[in-house]
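**Q** Predicted coordinates and the sequence they were generated for:
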Amino acid sequence: MANLKRRRDIEGPSDKRPSAMPSAMPSPVPNPGWGPLSGLPGNPLMWVLILSELLVFAAFFGVFAWHRANAPQSFLLGQQHLAPLIGGLNTLVLLTSGLAAALAVDASRQPPSARQRRRTRQRLWIAMALGILFCVIKAFEYHLEFFTSPIPNSVTFFTFYIGLTGFHAAHVMFGLCLLAIAAWRPHPHTVETVAAFWHMVDLVWVLLYPLLYLVR
C-alpha cells in the first residue's frame, strides 16, 4: 500500500476532464445547404438562372426541330443563305472569350495582391473585348444576310434564326454587363459567378451554331 501511495504522489492527480472537442472542419463544398447546387462554384442563385435559361433554350430547340421536320426544304433554303464561315469565326471568338473568363477565375483564386487583382481584371477585359467582337461580327453577318442579297422564301426558318440568335445576343450583352461588374469588383466569388453565366452563353452558341448553320 505504501508503494502504491508513493506512485500516486509522483504521478500527481489524474486529470479526468474530457478532452476538448476538435474544431469544426471547413465545409468541403462551396455552398452548403443548397442540395445538388452545393458543390457548384459561385452564387447558387446564378445556377438557378442558368438552369432556367437552358430549359428555355431547350424548348426553343425542340420547337425548331419539330418545324424543321415538317418543312425540310424550306429550312434548307434558309440555311443555304447563311454564312457558316462567319458563324464558325464567331464560335472561335466566343470560345476564346470563355477561356479568358476561366483564366480570370484561376487568377482570382490566387493569394490577394495588387498584381493578382490586375491579372484578374486584365483577363476579364479580354473576355469582354471578345464578347463585344462577337456582337460586331454578328451585326455584320446580319447585314450581309438581309441587306445585300435577296432573302429566300423561308419565313419560318428566318423567324427562328432571328429569334434564337437575337435571344442569344441579349444574353451576350447581359453577360458583358456582368463581366464589367466583375472587373470592377474582382472578388473570387463574384468572378466565379459571372464566369458561370458566361460559360452558359458559350454552351448555347456551341449548340446553336451547328443547329442553324451545319445540320442538314
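**A** Received, thanks. Quantities reported herein were computed from a predicted structural model and do not represent experimental measurements.

**Q** Any stretches of the chain with poor pLDDT?
**A** Applying pLDDT under 70 to the chain picks out residues 1-30, 32-35, 37-38.

**Q** Quick check: longest helix in it by residues?
**A** helix 114-147 (DSSP state H).

**Q** What residues sit buried inside that one?
**A** Residues of helix 114-147 classed as buried: 116-117, 119-121, 123-124, 126-128, 130-131, 133-134, 137-138, 141, 145 (neighbour count, 16 or more other CB atoms under 10 Å). All C-beta spots, glycine's among them, are computed from the backbone N, C-alpha and C.

**Q** so what does it touch, helix or strand wise?
**A** With contacts taken as 3 or more CB pairs under 8 Å, 6 or more residues apart in numbering; DSSP states H and E, helix 114-147 sits against helix 84-108, helix 155-184, helix 188-209.

**Q** Residue 45: which of those is closest?
**A** helix 188-209 (8.7 Å; CB to CB).

**Q** Next, the angle from that closest one to helix 155-184.
**A** Per axes from the mean of the first three to the mean of the last three CA atoms, to 10 degrees, the angle that helix 188-209 makes with helix 155-184 is 160 degrees.

**Q** can you pull the buried residues of helix 188-209?
**A** Buried-residue list, helix 188-209, by 16+ other CB under 10 Å: 188, 190-202, 204-205, 207-209.

**Q** For residue 215, what are phi and psi?
**A** phi -70, psi 120 (degrees, to the nearest 10).

**Q** Please list all residues in contact with it.
**A** With CB atoms under 8 Å, 6 or more residues apart in numbering as the criterion, no residue contacts residue 215.

**Q** now swap in residue 135 and tell me
**A** For residue 135, the contact set (CB under 8 Å, 6+ apart) comprises 169, 172-173.

**Q** closest to residue 107 among those residues?
**A** Nearest to residue 107 among these: residue 172, at 22.5 Å, using CB to CB.

**Q** which residues touch that closest one?
**A** 94, 131, 134-135, 201.

**Q** Also residue 193?
**A** 41-43, 46, 182.

**Q** what's the farthest-apart pair in these?
**A** Largest separation among these by CB to CB: 41 and 182, giving 13.2 Å.

**Q** So for these two, which sits in the more crowded spot?
**A** Applying other CB atoms under 10 Å to residue 41 and residue 182 shows that residue 182 carries more neighbours, namely 27 against 18.

**Q** For residue 117, see how far away that one is.
**A** The span separating residue 182 from residue 117 equals 11 Å under the rule CB to CB, to the nearest Å.

**Q** Could you do residue 82 as well?
**A** In terms of CB to CB, residue 82 sits 42 Å off from residue 117.

**Q** Over to residue 148?
**A** With CB to CB as the criterion, residue 148 and residue 117 are 45 Å apart.

**Q** Now do the end-to-end distance for stretch 101-120.
**A** One end of stretch 101-120 to the other measures 9 Å (CA to CA, to the nearest Å).

**Q** hmm, I was thinking of stretch 73-90
**A** End-to-end for stretch 73-90, by CA to CA: 26 Å.
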